[in-house]
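**Q** Quick one: sequence and predicted model below, then my questions.
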Amino acid sequence: MNKNKRLRQGQILKVVGEQPIGSQEDLRKELARRGMRVNQATLSRDIHEIGLVKTAEGYRTLAGAAATSEPVAAAPLARVLKEFLMDMRPAQNILVLKTPPGSAQPLAVAIDSEKWKEVAGTVAGDDTVLIVTPSPKARLALQNRLEEMLK
């Protein structure tokens with residue numbers, strides 16, 4: 001790991017350890033305030049490499065999130081959907097959910113925690129969640145369920 005990357009990731013850990021950081025943009029601004037310029041793509045990569053997760057209190061390390069009184073998966077699905085879901089696209093037996101950058105993981109965790117029979121599994125990227133269902137019929141039932149939660 002090069003020196004700049006190590007320094008930047010160290011600063012990211014320092015920032016999230018000192019104050020609640022609710023979004024990548026908040027983190028980018030705080031780093032800039034401290035004299036460290038970083039673009040969104042690099043920041044997103046750093047967050048992934050460091051192993052930060054987004055909790056109700058903001059970004060935390062996996063160990064820090066586990067140590068808090070509120071588990072990572074504690075956010076109710078309806079709240080997470082309303083906060084992060086930007087678009088929902090059906091594709092055969094897959095439902096594709098689009099979120100802002102850095103928000104796919106908390107949405108996937110909230111979906112997984114429901115343990116619905118319509119969900120065979122989820123895959124979360126940075127801004128996309130793929131929900132695999134056993135059949136197109138199950139995908140439609142899941143889509144209707146999620147749409148109802150958004151009302």
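**A** All right, it came through fine. Numbers count the residues shown, from 1 in each chain.

**Q** can you pull the pLDDT of the nearest residue to residue 114 once chain neighbours are set aside?
**A** Spatial nearest neighbour of residue 114, chain neighbours left out: residue 77 (5.8 Å); criterion: CB to CB, 6 or more residues apart in numbering. (Each C-beta comes from the backbone N, C-alpha and C, glycine too.) pLDDT, residue 77: 86.

**Q** Could you tell me how far residue 77 is located from residue 40?
**A** Residue 77 sits 26 Å away from residue 40 when distances are taken as CB to CB, to the nearest Å.

**Q** after the longest helix along the chain comes which helix or strand?
**A** In the chain, assigned by DSSP state H, the helix with the most residues is helix 3-18. As assigned by DSSP states H and E, the chain's next helix or strand after helix 3-18 is helix 24-33.

**Q** thinking again about what came up before, for residue 77 and residue 40, indicate the residue with more neighbours.
**A** The neighbour comparison of residue 77 against residue 40 (other CB atoms under 10 Å) goes to residue 77, with 19 against 14.

**Q** Surely that one is in contact with residue 112?
**A** No. Contact between residue 77 and residue 112 fails when scored by CB atoms under 8 Å: they sit 9.7 Å apart.

**Q** Do a quick rundown of the strands in the chain.
**A** Here the chain has its strands, by DSSP state E, at 52-55, 58-61, 87-91, 94-98, 121-124, 128-132.

**Q** Averaged pLDDT, the second one. What do you get?
**A** So the one you mean is strand 58-61. What strand 58-61 shows for mean pLDDT is 80.

**Q** Check what contacts it and list those residues.
**A** Residues from elsewhere that reach strand 58-61 (CB atoms under 8 Å, 6 or more residues apart in numbering): 13, 16, 19-22, 27, 47, 50-53, 68.

**Q** Go again with 10 Å.
**A** With CB atoms under 10 Å, 6 or more residues apart in numbering as the contact definition, strand 58-61 has outside contacts at 12-13, 15-17, 19-24, 26-27, 47, 50-54, 65-68, 72, 102.
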